[in-house]
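*Asks:* prediction below, plus the sequence it came from.
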Amino acid sequence: MRRYLIIAALVIVALGAGVVAYFYFFANAPGVTVAPGASSNLPTAEQGAVPTTTGQTSTPSASSAPSPIVVSARLVKISAGPAVPGEAVVDIPAQNASSSPDTTVTYIERQSGNVFSYQVGTGVLTRTSNKTIPGIEEASWLPNASLAFVRYLSGTDFSTINTYALSANDGNGFFLPQNLADLAVSSTSVLALASGVNGSSASLMRTDGTHSSQIFTTPLSSLRVSFAGKNQYLAFTKPSATLPGDAFIVDSAGHFSRIAGPLNGLVALASPSGKWVVVSYTLPQGMQMELVNVTTGATLQLPVATIADKCVWAADNSAVYCGIPMNPPANYAYPDDWYQGAVHFSDRIWKIDVAGRYAQLVLDFQKETNSSLDAEALAIDPSGTVLAFINKNDGSVWSYKL
């Protein structure tokens, strides 16, 4: 009898520890408000539920993916979509000395959450993961495309933000704390931001979710964060056309240095080294964009303008590629109405050369395809040979050889 009582006591203790762990890691995370997207295909699983793998357990093959459409020798429509904003473009070493290296574009299908990989050189598209996570809103990839941190809403009122580490090859994943306000990923670390009514707190952890340590705290409760070189970070207030925002460089000790603002509709994008930051903002006469030298504080007004979220830096910091709208519609609040899907752009892709201080037209999408492009989630490979992007108009995935 005594042995049964001991066993029962141990079971109760274990259950209690589980409840404590749940509330420590998830329930006590600072809350944020996120508006559900227009799509009705949102996850209905219980919060924290592990995504499932559908179908048979056989290795996915190229036959499970639709065929890409070659528009020209340089432009390919990889998928009709819709795809999750956020993809990885990676240079793959040659298998042997006589082979040429290839570049792959890896992305996630929005409807299913399945992962696909497109080889630019061979034109082969392969489904690499069958794991099902419908309703993903965005994905942040490791630079080697082995893992994506995906974010989606759950709960009866879709008020819970889940962040799940999704393997590109059907490997095991894991959850990060719920209700993170923002997330940034590097090759070795994940920068996670939690925000609440009392401010924000940023933590740095390994890419496997372990060894989390606090980087900074701030009374600012509405921030976005990213890496800005080694041991420093970029933080800026969430943009609004009607409110002035600021951009800051945060050092490893958590000290904030303002580099831009206050400016309405401010959005910022740091170069890989952290030396340069592209800043976009809104004036009564329209959108503006400038280049900020973080070291000197000097600013350079750019001859083209867009929302900085429609740009990507080259790996060597020499240039930034952007989707630049042609004649953006008037009487809209930028960037708010663009984020909310109330307005769409017709873009061309431009390259802004930092050293030469000039802008060069790279791709006239409408001329190539007879359709419009609203570019988002731009990504470029480390060697600077392939640019990938998603057309916000229909969610299709494209690659372009530079």
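*Replies:* The structure has been received and is ready for your questions.
*Asks:* in the protein, which spans are helices?
*Replies:* Along the chain, the stretches classed as helices by DSSP state H are 2-22, 336-339, 365-369.
*Asks:* give me the phi and psi for the closest residue to residue 346 other than its chain neighbours.
*Replies:* Nearest residue to residue 346 in three dimensions, chain neighbours excluded: residue 372, at 4.2 Å (Cβ to Cβ, 6 or more residues apart in numbering). In short, each C-beta sits where N, CA and C put it, glycine included. Main-chain dihedrals, residue 372, degrees, to the nearest 10: phi -90, psi 150.
*Asks:* quick one: residue 372 and residue 366 touch, right?
*Replies:* Yes. Using Cβ atoms under 8 Å as the test, residue 372 is close enough to residue 366 to be in contact (6.0 Å).
*Asks:* anything in contact with each of the two?
*Replies:* By Cβ atoms under 8 Å, 6 or more residues apart in numbering, residue 372 and residue 366 have these common neighbours: residue 346.
*Asks:* got the contact list for the spatially most central residue of the chain?
*Replies:* With distances taken as Cα atoms, centre = their mean, the residue of the chain nearest its centroid is residue 140 (4.2 Å). Counting by Cβ under 8 Å, 6+ apart, residue 140 makes contact with 86, 148-150, 183-185.
*Asks:* re earlier: how close does the residue nearest to residue 346 get to residue 269?
*Replies:* 23 Å (Cβ to Cβ, to the nearest Å).
*Asks:* point out where the stretch 1-150 of the chain drops to low pLDDT.
*Replies:* 1-65, 94-99 (pLDDT under 70).
*Asks:* which parts of it are strands?
*Replies:* 52-53, 69-70, 75-79, 88-92, 102-108, 115-119, 124-129, 131-132, 138-141, 147-154 (DSSP state E, counting those that start in this stretch).
*Asks:* okay if I get those strands as a markdown table plus distance to residue 300?
*Replies:* As requested, those are arranged in a markdown table below (distance: least, Cβ to Cβ, whole Å):
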| stretch | distance to residue 300 |
| --- | --- |
| strand 52-53 | 50 |
| strand 69-70 | 38 |
| strand 75-79 | 30 |
| strand 88-92 | 27 |
| strand 102-108 | 31 |
| strand 115-119 | 36 |
| strand 124-129 | 40 |
| strand 131-132 | 45 |
| strand 138-141 | 29 |
| strand 147-154 | 33 |
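*Asks:* run through who's touching stretch 298-309.
*Replies:* Counting by Cβ under 8 Å, 6+ apart, 260, 267-269, 278-280, 286-293, 322-325, 334-335, 338, 347, 350, 352, 357-359, 376 sit against stretch 298-309.
*Asks:* cool, and stretch 323-331?
*Replies:* Contacts of stretch 323-331 (Cβ under 8 Å, 6+ apart): 286-287, 304-306, 310-311, 334, 343, 345-350, 373-376, 378, 389.
*Asks:* for it, list the C-alpha coordinates in CSV.
*Replies:* Output of stretch 323-331 as CSV, limited to C-alpha atoms (Å, rounded to 0.1, in the frame of the first residue of the first chain):
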residue,chain,number,x,y,z
GLY,A,323,11.2,46.3,-55.9
ILE,A,324,10.5,49.9,-56.9
PRO,A,325,6.9,50.7,-57.7
MET,A,326,6.0,52.6,-60.9
ASN,A,327,3.6,55.4,-60.2
PRO,A,328,2.3,54.1,-56.8
PRO,A,329,-1.4,55.0,-56.3
ALA,A,330,-2.0,58.3,-54.6
ASN,A,331,-4.3,58.8,-51.6
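*Asks:* what residues of that stretch count as buried?
*Replies:* 323-325, 328 (16 or more other Cβ atoms under 10 Å).
*Asks:* chain center to it, what's the gap?
*Replies:* Put simply, stretch 323-331 sits 23 Å off its chain's centre (Cα atoms, centre = their mean, to the nearest Å).
*Asks:* mean confidence score for that stretch?
*Replies:* In this model, stretch 323-331 carries a mean pLDDT of 94.
*Asks:* check stretch 368-386 too.
*Replies:* For stretch 368-386, the per-residue pLDDT averages 97.
*Asks:* where does it sit relative to the chain's centre, distance-wise?
*Replies:* Stretch 368-386 sits 15 Å away from the centroid of its parent chain (Cα atoms, centre = their mean).
*Asks:* related to what we said a few turns ago, turn the buried residues of stretch 323-331 into a markdown table, including distance to residue 237.
*Replies:* Converted to a markdown table, the buried residues of stretch 323-331 look like this (distance: Cβ to Cβ, whole Å):
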| residue | distance to residue 237 |
| --- | --- |
| 323 | 23 |
| 324 | 24 |
| 325 | 23 |
| 328 | 23 |
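*Asks:* selecting buried members of the contacts of stretch 298-309 in PyMOL, what would you type?
*Replies:* A single PyMOL command selects the buried members of these (16+ other Cβ under 10 Å):
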select buried, resi 260+267+268+269+278+279+280+287+288+289+290+291+292+322+323+324+325+334+335+338+347+350+352+359+376
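*Asks:* is it true that residue 248 touches residue 226?
*Replies:* No. Contact between residue 248 and residue 226 fails when scored by Cβ under 8 Å: they sit 11.6 Å apart.
*Asks:* ok so, going back, return the subset of the contacts of stretch 323-331 lying in strands.
*Replies:* 286-287, 311, 347-350, 375-376, 378, 389 (DSSP state E).
*Asks:* ok, those vs residue 112, which is closest?
*Replies:* Nearest to residue 112, judged by Cβ to Cβ, of the ones in strands among the contacts of stretch 323-331 is residue 376 at 20.3 Å.
*Asks:* need the contact list for the closest residue to that closest one other than its chain neighbours.
*Replies:* Setting aside the residues directly before and after it, residue 376 is nearest to residue 392 in space (Cβ to Cβ, 6+ apart), at 4.6 Å. The contact partners of residue 392, taken as Cβ under 8 Å, 6+ apart, are 85, 341, 344-345, 374-376.
*Asks:* among those residues, the buried ones, what's the ChimeraX command?
*Replies:* Command for ChimeraX that selects the buried part of these, burial taken from 16+ other Cβ under 10 Å:
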select :85,344,345,374,375,376
